[in-house]
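In: For reference, the sequence and a predicted model appear below.
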Amino acid sequence: MRPFAFVALLLIASSATWAEEEPVAVEVDYLIDSVSESGCNFVRNGKEHTATEAADHLQMKARRGKRYYDTVEEFIDRIASKSSWSGKPYLIQCAGEPAVEAGAWFTQVLAEYRASTPG
């Protein structure tokens with residue numbers, strides 16, 4: 001009985017942790033999907049990338065840099081806004097619009113998402 005109780009306790013503890021992390025993961029995925037579907041160009045270290053390339057890059061950074069963020073705002077600030085290599089801000093250039101810093105773009109997308117999502 002004791003091994004079963006221990007395993008049950010571990011499952012309960014890990015599911016509680018998973019439940020706390022899930023909203024962050026959902027919102028981070030939403031932001032990355034927003035880039036992918038935007039059709040905008042993503043400028044990283046002076047080089048233009050497609051929306052799909054940008055999403056792939058951000059997905060990799062989100063996965064590898066998980067220990068550097070606990071909130072979506074930290075993800076935006078620490079992972080999605082600038083190059084960890086050069087420190088230069090990422091830019092997003094959408095058709096007919098001036099380029100904007102990625103941090104501001106993601107913050108706006110997150111605000112719109114939260115405003116449209118119940119709860």
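Out: Now that the structure is in, tell me what you want to look at. Predicted model only: the values in this text are computed from it and were never measured.

In: And the average pLDDT for stretch 24-41 is what?
Out: The pLDDT scores in stretch 24-41 average 97.

In: Return the distance of that stretch from the chain's centre.
Out: Its chain's C-alpha centre and that of stretch 24-41 lie 7 Å apart, by C-alpha atoms, centre = their mean, to the nearest Å.

In: list the buried ones in it?
Out: 24, 27-28, 31-32, 34-36, 38, 40-41 (16 or more other C-beta atoms under 10 Å). Placement of C-beta: from N, CA and C, glycine included.

In: Would you mind measuring the gap between the ends of stretch 44-58?
Out: 11 Å (C-alpha to C-alpha, to the nearest Å).

In: Please apply the same query to stretch 43-55.
Out: 12 Å.

In: swap in stretch 83-101?
Out: End-to-end for stretch 83-101, by C-alpha to C-alpha: 12 Å.

In: for stretch 41-57, same thing?
Out: One end of stretch 41-57 to the other measures 13 Å (C-alpha to C-alpha).

In: Could you check how far Tyr30 is from Ala99?
Out: 22 Å (C-beta to C-beta, to the nearest Å).

In: can you check Trp105 too?
Out: Trp105 sits 10 Å away from Ala99, going by C-beta to C-beta.

In: Looking at those two, which has the bigger crowd around it?
Out: Trp105 (24 against 15; other C-beta atoms under 10 Å).

In: The more buried one against Gln93, yeah?
Out: No. Assessed by C-beta atoms under 8 Å, Trp105 is found out of contact with Gln93, at 10.0 Å.

In: so who does the residue positioned nearest the centre of the chain touch?
Out: Centroid-nearest residue in the chain: Val28, 3.3 Å away (criterion: C-alpha atoms, centre = their mean). Taking C-beta atoms under 8 Å, 6 or more residues apart in numbering as the contact definition, Val28 lies against 62, 72, 75.
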